[in-house]
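[1] sequence? don't have it. structure:
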């Protein structure tokens, strides 16, 4: 009888040790940090790992970095605890908040601005000169959860009753620019930020400038959306508050360091990080209400 009881306790002990998760932030259960695939994934991973290494050094927590294949995959990961932290584009955050109560803690800053625009681009030698010329044309969006690459541009076209002939998802901002550059789309929709101090454009064309040095001459801007609040660093619901505060403070410190400035610039052309709250994104919700659609309706 005693032997049976001991065997039962041993089996129960083994079962519990197999099913219990290690403490969050340890090597056995690292904090998972996801990034949206708005740029080439390899470059994002390189910058993401540099951020993770810094955070490990400062907080003692361990991190895993990943770039899922779509914005929607990152959003859904926030609701299943598949990820703990996500560097979410603006609309992706609004949707993650609405669906899973994810909470923004930091907003990105670019060239001193906490907002940006979406842009419509076309070949410089084409007949397209304004948004009205998009009627019946083929348009390349980035991702259906991208604020500047789909949500705001498609909302603006709908508001103006302009109907493209065909549309497709290019997969990212550089890809939408290349769709126009290579002639597979008449129009592309991507992010836009003001020129830098040397007069060099900082919109999505700059992301392919090294590979396609004539892109600024061959691809022109034909229109803009309204201003959009910048993208976010977002935490899943119920992420431990004390851990969150340590990570947020470390990221703010990282953004001020020379290494941090270089890494964040390489990541998403970020020049700083500042604290943010959910109300900073009410303007996006109001824009959706203006055109009579809710967040879910934009996800295809």
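    Thanks, I have the structure now. What you see is a predicted model; the values in this text were computed from it and never measured. Residues are numbered from 1 along each chain as shown.
[2] from residue 171, how far out is the closest residue to residue 212 other than its chain neighbours?
    When the adjacent residues along the chain are set aside, residue 212 lies closest to residue 181, with 6.2 Å between them (C-beta to C-beta, 6 or more residues apart in numbering). For the C-beta atoms, the positions are set from N, CA and C on the backbone; glycine is no exception. Distance from residue 181 to residue 171, counting by C-beta to C-beta, to the nearest Å: 15 Å.
[3] pLDDT below threshold where in the stretch 151-300 of the chain?
    Counting by pLDDT under 70, the stretch 151-300 of the chain shows low-confidence ranges at 290-300.
[4] which stretches of the stretch 101-250 of the chain form strands?
    Using DSSP state E, counting those that start in this stretch, the strands of the stretch 101-250 of the chain run over residues 103-109, 115-123, 138-141, 166-169, 187-192, 219-229, 232-235.
[5] ranking the ones you listed by burial, who's on top?
    Taking mean count of other C-beta atoms under 10 Å as the contact definition, the stretch among the strands of the stretch 101-250 of the chain with the greatest mean neighbour count is strand 187-192, which reaches a mean of 28.
[6] I'd like to know which elements that one is packed against.
    Packing contacts for strand 187-192, counted by 3 or more C-beta pairs under 8 Å, 6 or more residues apart in numbering; DSSP states H and E, involve strand 115-123, strand 138-141, helix 173-181, strand 219-229.
[7] next, format the strands of the stretch 101-250 of the chain as a markdown table and append distance to residue 87.
    What follows is the strands of the stretch 101-250 of the chain, written out as a markdown table (distance: least, C-beta to C-beta, whole Å):
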| stretch | distance to residue 87 |
| --- | --- |
| strand 103-109 | 8 |
| strand 115-123 | 15 |
| strand 138-141 | 20 |
| strand 166-169 | 20 |
| strand 187-192 | 14 |
| strand 219-229 | 15 |
| strand 232-235 | 6 |
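[8] looking at these, spot the one closest to residue 85.
    When those are compared by C-beta to C-beta, strand 232-235 sits nearest residue 85, at 5.7 Å.
[9] so what strands line up beside the closest one?
    According to DSSP bridges, strand 232-235 has the following sheet partners: strand 85-87 (antiparallel), strand 103-109 (antiparallel).
[10] quick one, which of the strands of the stretch 101-250 of the chain is nearest to residue 202?
    Closest of the strands of the stretch 101-250 of the chain to residue 202 is strand 187-192, at 8.1 Å (criterion: C-beta to C-beta).
[11] run the angle between that closest one and helix 173-181 for me.
    Regarding strand 187-192 and helix 173-181, their directions subtend 140 degrees when assessed with axes from the mean of the first three to the mean of the last three C-alpha atoms, to 10 degrees.
[12] what residues does strand 187-192 touch?
    By C-beta atoms under 8 Å, 6 or more residues apart in numbering, the list of residues contacting strand 187-192 from outside reads 116-122, 128, 134, 137-142, 148-150, 153-154, 164, 170, 173, 176-177, 179-180, 203-205, 219, 221-222, 224.
[13] one more pass at 6 Å, please.
    Outside strand 187-192, the residues that touch it by C-beta atoms under 6 Å, 6 or more residues apart in numbering are 116-122, 134, 137, 139-141, 148-149, 153, 173, 176-177, 179-180, 203-204.
[14] check stretch 49-65 too.
    Residues from elsewhere that reach stretch 49-65, judged by C-beta under 6 Å, 6+ apart: 25, 27, 30, 31, 32, 33, 48, 246, 250, 254, 263.
[15] for the stretch 1-150 of the chain, give me the ranges with low pLDDT.
    Applying pLDDT under 70 to the predicted model, the residue ranges of the stretch 1-150 of the chain that meet it are 1-20.
[16] 80 instead, please
    Regions of the stretch 1-150 of the chain meeting the criterion pLDDT under 80 cover residues 1-21, 38-39, 145.
[17] any chance you could map the helices in it?
    For the stretch 1-150 of the chain, helices defined by DSSP state H, counting those that start in this stretch occupy the ranges 2-19, 41-59, 71-79, 90-100.
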